[in-house]
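>>> quick one: sequence and predicted model below, then my questions.
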Amino acid sequence: MTYTYYADVRCLDNAVLFQEKIKLLSPYRQQKIALLRHQKDKNRSLAAGLLLDHALAVYGIQERSAEYEIGEWGKPALKYHPQICFSLSHSGDYAICTIGDKPLGNDIEQVKEGRLKVADRFFAKEELDWLYDTEDPSEKTHRMFRLWTMKESFIKATGRGMSLSLQDFAVHMEESGRARVRHTFDAKYYHMREYDEIDGYCTAVCCQESGDMAYSMIPVELY
């Protein structure tokens, strides 16, 4: 089973709480947070780490004692628990963590106007055809972020990161509203799911060869 947890990071604006919570994480994650310049970025990264700690508790593991190894294309994994796959993402006031037993990826993005030029540059033709098949400017923007989160989650699920070109695959939107990925990357099937629990954000999870995902995201309080 694959689960996705989410949290509002704004409570970490409290400096005392921030210092209390960062001590719960591994040196690896503490170093990643320390290298960030802006406090908002630190808060989001800390929240993602805390969600991973929460998710690992189901397996009897504390994040602070976990050891990581970095894949060929930069994706971190748990060194002594290869059967546990995870993905972290954050944007705006929220962070998410997805965990399961198959290769997976996730992405969350705060929906903002004025980003369509990004789609024009990086999206596949069939994605652009669906994106612009509406006259409503707000719907265009929403579709753009839906596609972006799904493409990003697929890239993360493959473990290839940005070495996989955004134009080497396409998110195909079916008439039912469901999405699937057309690709020639490998012979595997990638299952896609979108979530709409957080207003003003698009969230997507992609999992390799498994449709067994929790229907809803699970909220976690960080304080």
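Arrived safely.
>>> could you list the buried residues of the worst-scoring helix or strand of the chain on mean pLDDT?
When the helices and strands of the chain are compared on mean pLDDT, DSSP states H and E, helix 116-122 comes out lowest with a mean of 87. Judged by neighbour count using 16 or more other Cβ atoms under 10 Å, the buried positions of helix 116-122 are 116, 119. For glycine as for every other residue, the C-beta is placed from the backbone atoms N, C-alpha and C.
>>> tell me the buried residues in the helix or strand following that helix?
Past helix 116-122, heading to the C-terminal end, the next element that is a helix or strand (DSSP states H and E) is helix 125-131. Along helix 125-131, these residues count as buried under the neighbour rule (16+ other Cβ under 10 Å): 127, 128, 130, 131.
>>> can you list these in JSON lines and add pLDDT and distance to residue 218?
Rendered in JSON lines, the data for the buried residues of helix 125-131 read as follows (pLDDT from 0 to 100; distance: Cβ to Cβ, whole Å):
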{"residue": "127", "pLDDT": "95", "distance to residue 218": "30"}
{"residue": "128", "pLDDT": "95", "distance to residue 218": "34"}
{"residue": "130", "pLDDT": "95", "distance to residue 218": "30"}
{"residue": "131", "pLDDT": "95", "distance to residue 218": "30"}
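>>> right, and the pair among those with maximum separation?
Looking at those by Cβ to Cβ, the two members farthest from one another are 128 and 130, with 7.4 Å of separation.
>>> residue 196: what's it in contact with?
When contacts are counted by Cβ atoms under 8 Å, 6 or more residues apart in numbering, residue 196 touches 202, 203.
>>> right, and residue 98 touches residue 86 too?
Yes: in this structure, residue 98 is within contact of residue 86 by Cβ atoms under 8 Å, at 6.6 Å.
>>> compare the two (neighbour count), which wins?
Neighbour count, other Cβ atoms under 10 Å: between residue 98 and residue 86, residue 98 has more, with 33 against 21.
>>> which residues sit in contact with that one?
Contacts were defined as Cβ under 8 Å, 6+ apart; by that measure residue 98 touches 2, 3, 4, 5, 86, 87, 104, 105, 106, 205.
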